[in-house]
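# Show me how the following folds:
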Amino acid sequence: MSRATGRLHELGVNEPTPVQLAAIPEVLKGGNIAIQSYTGSGKTLAYLLPVLSRAIQLAEAEFEALFKAKRVHEAGQVQAIVVVPSRELAMQIVRVAQGLLPPEAKGTVQQCIGGANPGRQADALKANKPVLVVGTPGRLAELSRAGRLQTHNCPILVLDEVDQLLAPQFREEMTRLTQHVGKRVTPQRQTVIVSATLTPKVLTASQGWCPDPERMFVSVQQRQHAPSPGPGTGQERWGWDAAARTAVASSSAGGVGTSDMIPEMPPQLDHTFIMTNRRHRVDTLRRCIHALDAQRVLVFMNFQQRLQDTQAKLGASGMKVGALHGDMDKAQRQSTMAAFRRGDFRALIVSDVAARGLDFEKCDAVFNLELPSDAAHYAHRAGRTGRIGRQGTVVSLVETNERFVVDKLAKRLNVRIPEAEVAGGRYMLVPEGKLDWSEVRRGS
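Alright, predicted model coming up:
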């Protein structure tokens with residue numbers, strides 16, 4: 001395990017979260033695992049660290065066996081494949097995986113995603129002989145059909161955001177991948193499925209991909225009842241209740257089998273809404289960002305064509321703003337996300353393409369410039385802030401005729417969403433006056 005964990009402290013990871021404590025030992029055992037935990041709880045590292053560690057160990061064993069048989073030229077089998085529904089999530093996972101490795105070993109992790117040159121990706125697979133490949137269903141299936149990605153002997157398959165991967169648009173590609181990956185592995189490949197929302201319907205639908213998994217679940221309630229931090233620590237301590245390792249129902253944005261379930265969100269989020277009109281919405285957003293002194297925010301919109309207008313209006317006020325949308329190619333998306341992580345942009349305007357899985361560690365706040373279509377989308381947008389125990393703020397800007405939607409969201413999500421306003425450069429609750437987040441959290 002030490003090979004994969006050597007740089008954890010450099011990455012700022014000093015203590016495992018509950019889902020990591022539970023999942024890592026089980027994944028290392030090699031059996032099928034189903035992991036569910038709320039957005040921002042550390043699921044990616046919970047599977048990625050042990051999978052990468054196992055993949056390296058398997059690669060070393062393969063090399064030693066072939067060396068003894070004087071067939072070392074045959075070494076270089078892919079040992080683990082991670083399938084995700086979006087290019088952004090794939091790039092993020094590759095970034096995390098490569099961050100766990102020394103610089104000279106980064107070629108052992110390869111991404112295969114749409115929007116990039118497939119020939120170059122195939123050449124990189126041949127040249128680097130990676131042990132871990134991360135990609136989207138379409139590109140992975142394309143490379144598999146062409147014989148450029150050898151999957152029959154791959155012993156580990158991870159399906160991240162599995163409820164999304166069950167969607168009809170991925171059916172043909174997922175059928176190929178799940179039937180071909182590990183086809184020649186004996187006794188069977190290890191399959192890990194991961195999501196914030198592993199409902200009974202999702203588990204049933206994915207049974208053919210991941211038979212009889214060990215189920216793990218970490219809930220928000222466990223965090224809320226975790227022991228208080230010791231004096232002077234400045235950090236919350238997270239507990240783990242082994243009795244909670246059972247499948248439960250919640251919801252997902254756009255996933256399969258989740259529309260009637262209630263999603264969980266990180267408990268350390270503060271939710272409010274502000275009344276405004278469409279003409280002044282962007283200006284209200286700007287004033288909110290300044291009043292909250294938020295240095296890094298995500299701004300969600302429903303329609304891609306309006307992103308650039310909003311970006312231009314905020315930029316005209318002197319704010320550094322970026323945008324992330326579906327028309328950008330891989331290099332543009334990667335560059336934009338890297339710039340936001342560095343702090344080059346104070347605001348990043350996004351469509352729901354960024355609501356699932358992306359981890360912007362230092363995101364101070366999420367703004368719904370346009371309300372999400374349902375509670376599940378709200379939950380996944382909100383989960384982009386308040387990551388791994390940090391505080392986060394979620395603000396929705398609404399018109400008068402949208403006020404009832406906020407009430408429905410609050411009821412559905414079982415959270416309080418009070419009204420706030422910006423006046424004199426201050427962000428305040430209405431009508432209580434001074435914003436008191438402790439009162440908001442108590443629901444008083």
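
# list the helices and strands the lengthiest helix in the chain packs on?
Counting by DSSP state H, the longest helix found in the chain is helix 43-68. Of the remaining helices and strands, those touching helix 43-68 by 3 or more C-beta pairs under 8 Å, 6 or more residues apart in numbering; DSSP states H and E are helix 2-5, helix 18-29, strand 33-37, strand 80-83, helix 87-99, strand 132-135, strand 156-160, strand 190-195. Just so you know, the C-beta spots here come from the backbone N, C-alpha and C atoms, and that holds for glycine as well.

# between that helix and strand 33-37, how many degrees?
150 degrees (axes from the mean of the first three to the mean of the last three C-alpha atoms, to 10 degrees).

# could the helices and strands packed on helix 43-68 be laid out in JSON lines, adding mean neighbour count, distance to residue 273 and mean pLDDT?
Below are these laid out as JSON lines (neighbours: other C-beta atoms under 10 Å; distance: least, C-beta to C-beta, whole Å; pLDDT from 0 to 100):
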{"stretch": "helix 2-5", "mean neighbour count": "14", "distance to residue 273": "42", "mean pLDDT": "48"}
{"stretch": "helix 18-29", "mean neighbour count": "21", "distance to residue 273": "30", "mean pLDDT": "93"}
{"stretch": "strand 33-37", "mean neighbour count": "27", "distance to residue 273": "27", "mean pLDDT": "92"}
{"stretch": "strand 80-83", "mean neighbour count": "28", "distance to residue 273": "37", "mean pLDDT": "98"}
{"stretch": "helix 87-99", "mean neighbour count": "22", "distance to residue 273": "27", "mean pLDDT": "91"}
{"stretch": "strand 132-135", "mean neighbour count": "27", "distance to residue 273": "37", "mean pLDDT": "97"}
{"stretch": "strand 156-160", "mean neighbour count": "26", "distance to residue 273": "32", "mean pLDDT": "97"}
{"stretch": "strand 190-195", "mean neighbour count": "26", "distance to residue 273": "28", "mean pLDDT": "95"}
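
# Skip the chain neighbours and tell me the closest residue to residue 419.
Leaving aside its chain neighbours, residue 419 sits nearest to residue 430 (4.4 Å; criterion: C-beta to C-beta, 6 or more residues apart in numbering).

# Looking at this protein, name the residue that lies furthest from the middle.
residue 70 (42.9 Å; C-alpha atoms, centre = their mean).

# any weak-confidence spans in the stretch 201-350 of the chain?
Per-residue confidence for the stretch 201-350 of the chain (pLDDT under 70) gives these ranges: 219-264.

# residue ranges of the helices in it, please?
In the stretch 201-350 of the chain, the helices defined using DSSP state H, counting those that start in this stretch lie at 220-224, 281-291, 307-316, 330-342.

# Any chance of those helices in CSV with mean neighbour count as columns?
Formatted as CSV, the helices of the stretch 201-350 of the chain follow (neighbours: other C-beta atoms under 10 Å):
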stretch, mean neighbour count
helix 220-224, 17
helix 281-291, 20
helix 307-316, 16
helix 330-342, 17
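
# Identify whichever of those helices lies nearest to residue 371.
helix 281-291 (11.3 Å; C-beta to C-beta).

# on that earlier part again, which one of the helices and strands packed on helix 43-68 lies nearest to residue 308?
From the helices and strands packed on helix 43-68, taking C-beta to C-beta, the stretch that ends up closest is helix 87-99, at 18.6 Å.

# related to what we said a few turns ago, any buried residues in the longest helix of the chain, and which?
43-59, 62, 66 (16 or more other C-beta atoms under 10 Å).

# can you pull the contacts of the residue nearest to residue 419?
418, 419, 420, 421 (C-beta atoms under 8 Å, 6 or more residues apart in numbering).

# mind putting these in CSV, distance to residue 79 included?
Listed next are the contacts of residue 430 as CSV, based on distance: C-beta to C-beta, whole Å:
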residue, distance to residue 79
418, 50
419, 53
420, 51
421, 55
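
# Looking at neighbours, which among the residues you listed is most surrounded?
Within the contacts of residue 430, most neighbours by other C-beta atoms under 10 Å means residue 420, with 24 neighbours.

# How about that residue, nearest residue that isn't a chain neighbour?
Leaving aside its sequence neighbours, residue 420 is closest to residue 272 (4.1 Å, by C-beta to C-beta, 6+ apart).

# Report the beta-bridge partners for the one you found.
Counting by DSSP bridges, residue 272 forms beta bridges with residue 395.

# which residues touch it?
393, 394, 395, 396, 417, 418, 419, 420, 429, 440 are the contacts of residue 272 under C-beta under 8 Å, 6+ apart.

# quick one: the closest residue to residue 368 other than its chain neighbours from residue 149, how far?
Spatial nearest neighbour of residue 368, chain neighbours left out: residue 396 (4.1 Å); criterion: C-beta to C-beta, 6+ apart. Going from residue 396 to residue 149 by C-beta to C-beta, to the nearest Å gives 43 Å.

# how about the closest residue in space to residue 415 that isn't next to it in sequence, what does it touch?
Closest residue in space to residue 415, ignoring its immediate chain neighbours: residue 271 at 5.5 Å, by C-beta to C-beta, 6+ apart. Residues in contact with residue 271, defined by C-beta under 8 Å, 6+ apart, are 382, 394, 395, 396, 410, 415, 416, 417, 418, 440.

# Could you do residue 287 as well?
With C-beta under 8 Å, 6+ apart, residue 287 has these contacts: 422, 425.

# Show the contacting residues for residue 55.
79, 80, 131, 132, 156.

# what does residue 304 give?
Residue 304 neighbours (C-beta under 8 Å, 6+ apart): 325, 326, 327, 351.

# If we use 6 Å, what do you get?
325, 351 (C-beta atoms under 6 Å, 6 or more residues apart in numbering).

# hang on, the earlier thing: next, format the helices of the stretch 201-350 of the chain as JSON lines and append distance to residue 206.
JSON lines is the format used below for the helices of the stretch 201-350 of the chain (distance: least, C-beta to C-beta, whole Å):
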{"stretch": "helix 220-224", "distance to residue 206": "23"}
{"stretch": "helix 281-291", "distance to residue 206": "39"}
{"stretch": "helix 307-316", "distance to residue 206": "33"}
{"stretch": "helix 330-342", "distance to residue 206": "28"}
